[in-house]
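Novice: Structure of the sequence below:
(one chain, ligands or ions: 1)
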Amino acid sequence: MQSTAPKATTKTQNFWNPMAHPGDPASRNFIQIVKGDGNYVQTAAGDWLVDGVGGLWNVNVGHNRQEVKDAIRAQLDELEYFQIFDGCSHPRVHELADRLVEMTQPEGMTKAMFSSGGSDAVETALKIARQYWKAVGQSQRYKFISLKQGYHGVHFGGASVNGNTVFRTSYEPMLPGCIHIDTPWLYRNPWNCEDPEELGHLCAKQLEAEILFQGPDTVAAFIAEPVQGAGGVIVPPANYWPLVRQVCDKYGVLLIADEVVTGFGRSGSMFGVRGWGVKADIQCFAKGINSGYIPLGATLVNERISSAIEGCQSFTGAVMHGYTYSGHPVACAAALASLKIVEQENLPQNAAVQGELLKRKLEHALLDFPAVGEIRGKGLMIAIDLVANKETREPIDPTNGYANRLAAVTMREGAIVRPVGTKIILSPTLTLTETEVDKLTLALKIAFQEVKA
Ligand code: PMP
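Specialist: Now for the predicted structure:
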């Protein structure tokens with residue numbers, strides 16, 4: 001790794017950070033990242049830090065991978081862009097669609113639709129779910145059920161099914177017919193249920209009760225993340241997804257797995273639902289699809305949906321949805337190169353092994369601190385839950401800046417982690433080694449020793 005940092009540009013104030021108040025001076029104190037290499041990034045001050053956030057849950061193969069950069073360069077030389085509308089295509093979009101269908105064979109996906117990111121992939125899924133029901137003559141099925149802590153991006157559809165109201169209140173009214181039910185969260189749930197199996201049953205029963213309450217013939221789909229990411233890394237019990245699949249099947253409701261974070265290894269298996277042996281009807285992908293080198297999203301559908309839409313004899317079968325950058329050749333080339341690395345280096349397995357190690361080491365180093373309620377995760381998705389009271393599990397006051405102060409000291413000590421309200425979230429590169437596991441653990445330990453809640 002090069003030790004002299006590329007020159008930082010001046011910190012002009014001419015853009016707004018997403019998910020921050022632009023009037024808050026703290027949000028204008030940018031930390032400029034100027035270079036990346038492997039599991040590390042370099043700040044403008046020249047410090048190399050462990051990338052404990054993997055860019056933003058997405059740099060799965062690590063930074064500065066020659067194979068991905070070569071694929072991008074070669075594609076730019078060959079064809080920088082052409083549309084896939086109007087019956088056109090280009091070689092990379094075929095290759096990537098074939099690759100994704102092949103990779104998702106255990107899940108039974110048959111067709112891919114491309115876009116530019118996770119919010120697009122979710123929007124596509126919601127619209128295709130509605131179109132499916134119209135294509136089969138049940139246009140009254142328009143409602144979506146989702147989970148209270150869920151995160152599905154920022155477009156109007158995705159924000160409407162998002163569980164946390166902070167993503168909705170400034171933009172309401174949202175899409176009609178979006179209903180939120182409880183999350184299968186062992187640490188905090190409305191039943192105070194501490195038994196995973198019982199919790200799985202309670203949550204699946206609630207889904208069934210909600211479908212019945214709404215009227216099964218009005219519900220289009222249930223959408224959830226296999227493991228919730230932004231909501232605080234919530235890992236459902238072993239029986240949850242199979243029970244959810246059963247309930248959906250009983251009432252014909254489509255099951256949408258938002259795999260934007262979990263796709264391509266992050267949760268320790270190639271896809272999140274694979275960890276539960278469940279097949280969704282639609283899977284949404286972005287982030288790890290090409291490790292963030294170029295924006296790309298994909299929405300895959302199974303035979304049930306593809307055959308209904310392809311076989312629809314009316315205009316309703318026409319997919320009047322797609323983006324100028326759907327199937328962008330450079331993004332597809334980056335995906336093909338990145339997915340090759342994911343498979344060749346067996347990164348899902350590395351995520352499982354290093355994730356378990358990181359969780360164990362963090363538990364050993366941090367669980368005795370009074371503010372650490374729980375450390376949970378699956379693969380390389382880990383959350384440290386910050387509490388005001390360990391006994392009652394009452395969360396810390398998210399407005400007092402404790403998580404931010406912890407993250408600042410962790411950064412000073414050589415690692416980037418993500419403060420999100422009452423949690424610290426870790427989602428490092430899937431190429432992580434024990435060296436970085438130890439650096440992350442030590443930096444966080446020093447932060448907890450130094451910063452008082
Ligand atoms: N779905 C999930 C599960 C996500 O975590 C995210 C982003 N973190 C999105 C959708 C939206 O993706 P994007 O930010 O690329 O639009």
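
Novice: For the residue in the chain that the ligand sits nearest to, give me its contacts.
Specialist: Using C-beta to the nearest ligand atom, the closest approach of the chain to the ligand is made by Gly118 at 2.1 Å. Quick note: C-beta positions are derived from backbone N, CA and C, even for glycine. By C-beta atoms under 8 Å, 6 or more residues apart in numbering, the contact set of Gly118 is Gly153, Asp258, Val260, Cys284, Ala286, Lys287, Gly297.

Novice: That one and His21, how far apart?
Specialist: Look at Gly118 and His21: by C-beta to C-beta, to the nearest Å, they are 23 Å apart.

Novice: just to revisit the earlier point, in JSON lines: the contacts of Gly118, plus distance to Lys439, secondary structure and pLDDT.
Specialist: As requested, the contacts of Gly118 are arranged in JSON lines below (distance: C-beta to C-beta, whole Å; DSSP: H, G, I helix; E, B strand; the rest coil; pLDDT from 0 to 100):
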{"residue": "Gly153", "distance to Lys439": "31", "secondary structure": "coil", "pLDDT": "98"}
{"residue": "Asp258", "distance to Lys439": "31", "secondary structure": "strand", "pLDDT": "99"}
{"residue": "Val260", "distance to Lys439": "27", "secondary structure": "coil", "pLDDT": "98"}
{"residue": "Cys284", "distance to Lys439": "33", "secondary structure": "strand", "pLDDT": "99"}
{"residue": "Ala286", "distance to Lys439": "28", "secondary structure": "coil", "pLDDT": "98"}
{"residue": "Lys287", "distance to Lys439": "23", "secondary structure": "helix", "pLDDT": "98"}
{"residue": "Gly297", "distance to Lys439": "32", "secondary structure": "strand", "pLDDT": "98"}
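
Novice: just these that are near the ligand?
Specialist: Checked against the ligand using C-beta under 6 Å from any ligand atom, the contacts of Gly118 give the following subset in range: Gly153, Asp258, Val260, Ala286.

Novice: Can you give me the neighbour number for the third one?
Specialist: To tie it back to what came earlier, the one meant is Val260. As a burial measure, Val260 scores 32 neighbours (other C-beta atoms under 10 Å).

Novice: Then Ala45?
Specialist: Using other C-beta under 10 Å, Ala45 has 10 other residues around it.

Novice: so what's it up against?
Specialist: For Ala45, the contact set (C-beta under 8 Å, 6+ apart) comprises Ala5.

Novice: if I've got this straight, Ala337 is in a helix?
Specialist: Yes. Remark: Ala337 belongs to a helix, assigned using DSSP: H, G, I helix; E, B strand; the rest coil.

Novice: ok, it touching Ala71?
Specialist: Yes. With contact defined as C-beta atoms under 8 Å, Ala337 counts as touching Ala71 (3.6 Å).

Novice: residues from the stretch 151-300 of the chain in reach of the ligand?
Specialist: Residues of the stretch 151-300 of the chain lying close to the ligand (C-beta under 6 Å from any ligand atom) are Tyr151, His152, Gly153, Glu225, Gly229, Ala230, Asp258, Val260, Val261, Ala286.

Novice: Relative to Ile181, how far out is the most centrally placed residue in the chain?
Specialist: Among the residues of the chain, Val261 comes closest to the average C-alpha position under C-alpha atoms, centre = their mean, at 2.3 Å. Relative to Ile181, Val261 is positioned 20 Å away (criterion: C-beta to C-beta).

Novice: swap in Asn389?
Specialist: Applying C-beta to C-beta to Asn389 and Ile181 gives a distance of 27 Å.

Novice: swap in Ile33?
Specialist: Separation of Ile33 from Ile181 (C-beta to C-beta) stands at 38 Å.

Novice: What of Leu296?
Specialist: When distances are taken as C-beta to C-beta, Leu296 and Ile181 turn out to be 31 Å apart.

Novice: what does Ala121 give?
Specialist: Computed with C-beta to C-beta, the distance linking Ala121 and Ile181 is 22 Å.
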